[in-house]
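In: take this sequence and fold it.
(one chain, ligands or ions: 1)
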Amino acid sequence: MEPGSPSTTGGGGGGGGGAGAGVNGKYGAMSPGSSIQGYTGLAGNGRRPRLLLMGQRRSGKSSISSVVFHKMSPTETLFLESTTRIQKDPIHSFMDFQVWDFPGQLNFLDPTFDFDHIFGELGALIWVIDAQDEYLDPLSRLHATIIAIQRSYPAINIEVFIHKVDGLSDEYKLDTQRDIMQRTQDELSDNGLDNVQVSYHLTSIYDHSIFEAFSKVIQKLIPQLETLENLLNVLCSNSGIEKAFLFDVMSKIYIATDSSPVDVQSYEICSDYIDVIVDVSEIYGYDRKQPAEITDAAHPVVPGAEDEEEQTAEASSIIRLQNGMVLYLREINKYLALICLMRKEGIEKKGLVDFNVQVFQNALQRVFEVGR
Ligand SMILES: Nc1nc2c(ncn2[C@@H]2O[C@H](COP(=O)(O)OP(=O)(O)OP(=O)(O)O)[C@@H](O)[C@H]2O)c(=O)[nH]1
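Out: Sure, this is the predicted structure:
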């Protein structure tokens, strides 16, 4: 959370220390050293991955970028004007990357375009197809693009967003996806490209699907992903947590989760929880210094100001749900928050959960430090 997040520590009815049935003896404190096992090393080349948003005119590229990265409400996208030149949007978050939004009418396969300038940085090509519109033409442009870039830039992840599926029945959505996949596979095979990995996502800006799709796209670009998953697995198994997500708060993209399957409802409730926290922060938050600022000689703690502990304490919050589950949120750093879903018995040992989360947080910091 940004400085200004609420000091909701212990809020929402958490911290109950009732009879500890259910978790006794089952979970244990994590040892600080054990949690960074499985660390696999980093690319650490200091480059900013680039996400290229391409597709036909009015397919929804600018809307996607505005909703996910600029918190625009989906209905406001109705008033977006057509993009006339490449929009380069640097995103500063837990990982710096760039989003390039291409005008739909631009023919970047034209030899006058500097291919290397567009595709040279490692990243992802996100091809947006309007599923409510005629898609055969856009699909052949996608095929031509993959064929043109594959040999020179095989490391680019190709992600197809079958977009605007909010207006379609479940059956029609799946039929459309199947058709697009089949046509793409056939076309690539005919061109001798049998092994190209293309991922498909059904998306809409009117629900969580666009955030989930972006989460998957971004995760592929995080060299530490495997380590983060291992850390979350250790945290879950030691703390009675059923599902844990590490979220980038501002974009609501989850950058890692434990290896149990993601069910849409858990993801949605965690994502909604972030909205609640961000809204509360905006109203009741106060300016908190970052730890680096506090120890910085240029910014000494002013006598009489809130004490150092309060200044640096991470925001946290607990919400008990009607179905007996508990949502536990803890700020990890300026950008990231951990959100866990657990049974109410799990939170009866809140001290243990807090301790394990602290160990997880320290390990995470070390992982990112090595990355830098
Ligand atoms: N129903 C529905 N409409 C959407 C969705 N995403 C975008 N739109 C609408 O699609 C229209 C075009 O969106 P834009 O984001 O301007 O499309 P674009 O691809 O950037 O268009 P160009 O800039 O011309 O290339 C807008 O009216 C959006 O409100 C979606 O998920 N569902």
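In: any idea which helix or strand comes after the helix or strand where residue 69 lies?
Out: Under the criterion of DSSP states H and E, residue 69 resides in helix 61-70. Using DSSP H and E, the helix or strand that follows helix 61-70 in sequence is strand 87-91.
In: if you count neighbours, what's buried in that next one?
Out: In terms of neighbour count (16 or more other C-beta atoms under 10 Å), strand 87-91 has its buried residues at residue 91. (C-beta placed from N, C-alpha, C; glycine too.)
In: now do whichever helix or strand comes after it: which elements does it pack against?
Out: Counting by DSSP H and E, the next helix or strand C-terminal to strand 87-91 is strand 97-101. Strand 97-101 sits against strand 50-55, helix 61-70, strand 87-91, with contacts defined as 3 or more C-beta pairs under 8 Å, 6 or more residues apart in numbering; DSSP states H and E.
In: would you mind giving the domain segments of the chain?
Out: The chain breaks down into these domains under automatic domain parsing: 34-41+224-295+306-371, 50-219.
In: out of the helices and strands packed on strand 97-101, which comes closest to residue 188?
Out: strand 50-55 (17.1 Å; C-beta to C-beta).
In: can you list contacts of that closest one?
Out: Strand 50-55 is contacted from outside by 61, 64-65, 97-102, 104, 108, 118-119, 121-130, 138, 142, 145, 161, 163, 217, using C-beta atoms under 8 Å, 6 or more residues apart in numbering.
In: what subset of those residues is buried?
Out: 61, 64-65, 97, 99-102, 104, 108, 118-119, 121-130, 138, 142, 145, 161, 163, 217.
In: in strands, which of those residues fall?
Out: 97, 99-101, 123-130, 161, 163 (DSSP state E).
In: rebuild those residues as a markdown table, extending it with pLDDT.
Out: Output for these, formatted as a markdown table (pLDDT from 0 to 100):
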| residue | pLDDT |
| --- | --- |
| 97 | 85 |
| 99 | 91 |
| 100 | 90 |
| 101 | 90 |
| 123 | 86 |
| 124 | 92 |
| 125 | 92 |
| 126 | 95 |
| 127 | 95 |
| 128 | 96 |
| 129 | 96 |
| 130 | 95 |
| 161 | 97 |
| 163 | 96 |
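In: in these, find the pair that's most separated.
Out: Among those, 97 and 130 lie farthest apart (C-beta to C-beta), at 24.8 Å.
In: count the neighbours of residue 71 for me.
Out: Number of residues near residue 71 (other C-beta atoms under 10 Å) recorded here: 12.
In: how about the helices in the stretch 101-250 of the chain?
Out: 115-119, 136-150, 170-190, 209-219, 225-239 (DSSP state H, counting those that start in this stretch).
In: residue 93 is nearest to which of those helices?
Out: Judged by C-beta to C-beta, the one of these that comes nearest to residue 93 is helix 209-219, at 9.3 Å.
In: which parts of that closest one are buried?
Out: So for helix 209-219, counting by 16+ other C-beta under 10 Å, buried means 209-215, 217-219.
In: tell me if that helix is near the ligand.
Out: No. If you take C-beta under 6 Å from any ligand atom as the test, helix 209-219 misses the ligand, and the best it gets is 6.9 Å.
In: ok, residue 130 - contacts?
Out: 55-56, 58-60, 138, 163-164 are the contacts of residue 130 under C-beta under 8 Å, 6+ apart.
In: which residues touch residue 267?
Out: With C-beta under 8 Å, 6+ apart, residue 267 has these contacts: 208, 212, 245, 254.
In: distance to residue 279 added to the ones in strands among the buried ones among the contacts of strand 50-55, as a markdown table?
Out: Formatted as a markdown table, these follow (distance: C-beta to C-beta, whole Å):
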| residue | distance to residue 279 |
| --- | --- |
| 97 | 26 |
| 99 | 25 |
| 100 | 30 |
| 101 | 27 |
| 123 | 32 |
| 124 | 30 |
| 125 | 34 |
| 126 | 29 |
| 127 | 34 |
| 128 | 29 |
| 129 | 33 |
| 130 | 31 |
| 161 | 28 |
| 163 | 27 |
